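Q: I would like to see how this sequence folds:
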Amino acid sequence: MSLQKFGTIETAEGLARAMLCIDADRPTEYMIQTWGDGIQHMAILADAVEGADGIHLSGRALYRALANGTLHRPKLNQDEMARLKGMRAHLTMDADGRLVGSWAAMDGRTGAIQLSDAPVGVVHEPDQCRDWAEFKQWASRSRSEHGIGYYRGHGNSSYTLKTTLHRTGRHRLDRYYDEALMQFHAEAEAVLGMRIDLSNGNDYSTLLGLAQHHGLPTPLLDWTASPYVAAFFAFSDAFDLADAPNAPTSIRIYALTREFITDTAPPSVTVVAANAYVASLQIAPLHNARLRAQQGRFLVTNVANLEQFIRQAEVEMGKRCLYAVDVPAACARDALEDLSFMGLTAATMFPGLDGACKAIRHAMTFKAPSVQPPGAASVGTPIAPADAAQLTDSSGEAAGGSESPA
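A: I've put the predicted structure just below:
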């Protein structure tokens with residue numbers, strides 16, 4: 001069963017939109033979040049038991065939304081706890097993979113439940129560029145024709161838009177905040193020797209940015225304000241993977257419109273919200289030199305299948321927000337050499353010795369002889385772009401991973 005589903009639940013206030021989130025390592029805990037116009041935003045954590053007749057749920061914890069949208073777990077009195085524990089739901093999975101059923105409360109109230117996988121939005125085929133020169137033309141047009149504000153590069157065009165947290169099988173942002181982020185918060189304050197106030201939006205976003213760039217799985221997705229920075233990360237990853245099994249044949253650059261970025265900018269920073277969301281997030285590069293060098297921008301989301309979510313949002317908004325272009329991975333050598341002339345190298349993207357060494361490895365490949373010396377056929381064979389990564393190791397960052405806005 002999918003670890004995240006969307007749908008509706010009948011409530012006393014009306015029909016609410018709903019999202020079910022399950023963590024892969026805790027499959028018997030169901031976090032059901034509800035929201036809607038005129039409906040209180042809230043969530044219930046339930047224990048799930050599978051039986052021959054379906055899945056039986058019983059309430060364990062209640063979450064309510066604060067004024068800023070953050071879900072919190074209030075202290076319940078004895079009567080409230082009894083009502084929560086007395087709530088029951090029964091779900092069955094139909095032939096289409098939907099969870100359907102109903103819930104019942106101790107006072108006799110009932111309601112229907114229907115949950116399914118994320119709806120499929122309009123599928124747009126990516127643009128195709130034959131070479132690096134065509135990509136540069138596409139990059140120039142993207143801002144003027146589509147109003148692009150954010151870019152993200154993948155070293156393999158088959159990679160999807162998914163955060164590092166969701167790639168681990170974690171979907172419950174309440175648990176992530178209470179456990180992983182709080183532990184990192186304490187460590188970051190100790191290492192940096194400063195207070196990080198999570199009631200302050202700037203501090204909150206700074207902590208998330210530090211977690212992302214130091215390798216902690218987060219609900220953030222890295223982007224950049226520059227199409228060429230995105231291209232650097234995509235081609236750098238493809239370059240380093242060129243001699244690996246199933247090496248990528250093309251890279252992909254995603255692009256988001258400035259209008260979408262503006263419309264999704266949150267009034268306050270939080271990761272634990274009841275509603276399904278994707279929000280743009282600009283983080284100050286405090287104690288994070290890489291973020292400044294990479295012109296880093298972020299999306300924060302509690303949705304696993306982000307591309308489909310954005311595509312569905314396009315349908316509701318009546319306008320296109322997400323674009324993509326594919327370029328042959330064999331262009332990596334030409335692209336990286338050209339990008340180095342622009343001042344975009346591993347050394348500038350990753351200040352420090354690791355970045356410097358990676359930049360030197362790339363430069364060694366760029367300087368490889370393109371013409372064989374007479375009589376040296378077995379020694380001086382030119383390095384084709386597709387084989388160039390044999391001069392590197394596989395220590396490059398994963399495409400779109402925690403080190404990269406690409």
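
Q: Show the low-confidence segments of the stretch 301-406 of the chain, by residue range.
A: 350-356, 358-359, 364-406 (pLDDT under 70).

Q: Please enumerate the strands of it.
A: 322-328 (DSSP state E, counting those that start in this stretch).

Q: Please apply the same query to the stretch 51-200 of the chain.
A: All strands of the stretch 51-200 of the chain, identified by DSSP E, counting those that start in this stretch, fall at 54-65, 71-72, 88-93, 99-104, 110-116, 127-128, 148-154.

Q: nearest to residue 256, of those strands?
A: Comparison of the strands of the stretch 51-200 of the chain against residue 256 by C-beta to C-beta identifies strand 148-154 as nearest, at 4.3 Å. Glycine gets a C-beta too; all of them are placed from N, C-alpha and C.

Q: Distance from the chain centre to that closest one, please.
A: Averaging C-alpha coordinates over strand 148-154 and over its chain gives two centres that are 13 Å apart (C-alpha atoms, centre = their mean, to the nearest Å).

Q: Check stretch 246-257 too.
A: The chain centroid and the centroid of stretch 246-257 are separated by 15 Å, computed with C-alpha atoms, centre = their mean.

Q: Centroid-nearest residue for the protein?
A: Centrality entry for the chain: nearest residue to the mean C-alpha point is residue 163, 2.5 Å, by C-alpha atoms, centre = their mean.

Q: Include mean neighbour count when you put the strands of the stretch 51-200 of the chain into a markdown table, please.
A: Shown next, in a markdown table, are the strands of the stretch 51-200 of the chain (neighbours: other C-beta atoms under 10 Å):
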| stretch | mean neighbour count |
| --- | --- |
| strand 54-65 | 18 |
| strand 71-72 | 17 |
| strand 88-93 | 17 |
| strand 99-104 | 18 |
| strand 110-116 | 17 |
| strand 127-128 | 14 |
| strand 148-154 | 26 |
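
Q: Residue 183: which of those strands is closest?
A: strand 71-72 (18.7 Å).

Q: contacts for the closest one?
A: 33, 41, 42, 43, 63, 64, 65, 66, 174, 272, 273, 274 (C-beta atoms under 8 Å, 6 or more residues apart in numbering).

Q: Just the buried residues from those residues, in ChimeraX please.
A: Remark: buried members of those, expressed as a ChimeraX selection using 16 or more other C-beta atoms under 10 Å:
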select :33,41,42,43,63,65,174,272,273,274
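
Q: Counting neighbours, what do you get for residue 140?
A: Counted with other C-beta atoms under 10 Å, residues neighbouring residue 140 total 11.

Q: let me fix that: residue 247
A: Other residues lying near residue 247 total 15 when counted by other C-beta under 10 Å.

Q: follow-up on the earlier one: the residue nearest to the centre of the chain: what's it in contact with?
A: For residue 163, the contact set (C-beta under 8 Å, 6+ apart) comprises 217, 218, 219, 220, 221, 301, 304, 306.

Q: Please enumerate the helices of the stretch 251-400 of the chain.
A: Assigned by DSSP state H, counting those that start in this stretch, the helices in the stretch 251-400 of the chain fall at 258-263, 289-293, 306-317, 332-341, 346-349, 353-366.

Q: export the strands of the stretch 51-200 of the chain to TSV and tack on mean pLDDT and distance to residue 183?
A: Formatted as TSV, the strands of the stretch 51-200 of the chain follow (pLDDT from 0 to 100; distance: least, C-beta to C-beta, whole Å):
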stretch	mean pLDDT	distance to residue 183
strand 54-65	96	20
strand 71-72	93	19
strand 88-93	96	32
strand 99-104	96	32
strand 110-116	96	31
strand 127-128	96	42
strand 148-154	96	28
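
Q: Now the ones you listed in TSV, please, with extra columns for distance to residue 212.
A: Converted to TSV, these look like this (distance: least, C-beta to C-beta, whole Å):
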stretch	distance to residue 212
strand 54-65	25
strand 71-72	22
strand 88-93	35
strand 99-104	32
strand 110-116	30
strand 127-128	28
strand 148-154	13
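
Q: Would you tell me which of those strands gets closest to residue 282?
A: Among the strands of the stretch 51-200 of the chain, the nearest to residue 282 by C-beta to C-beta is strand 148-154 (10.1 Å).

Q: tilt between the closest one and strand 322-328?
A: Following axes from the mean of the first three to the mean of the last three C-alpha atoms, to 10 degrees, one obtains 40 degrees for the angle between strand 148-154 and strand 322-328.
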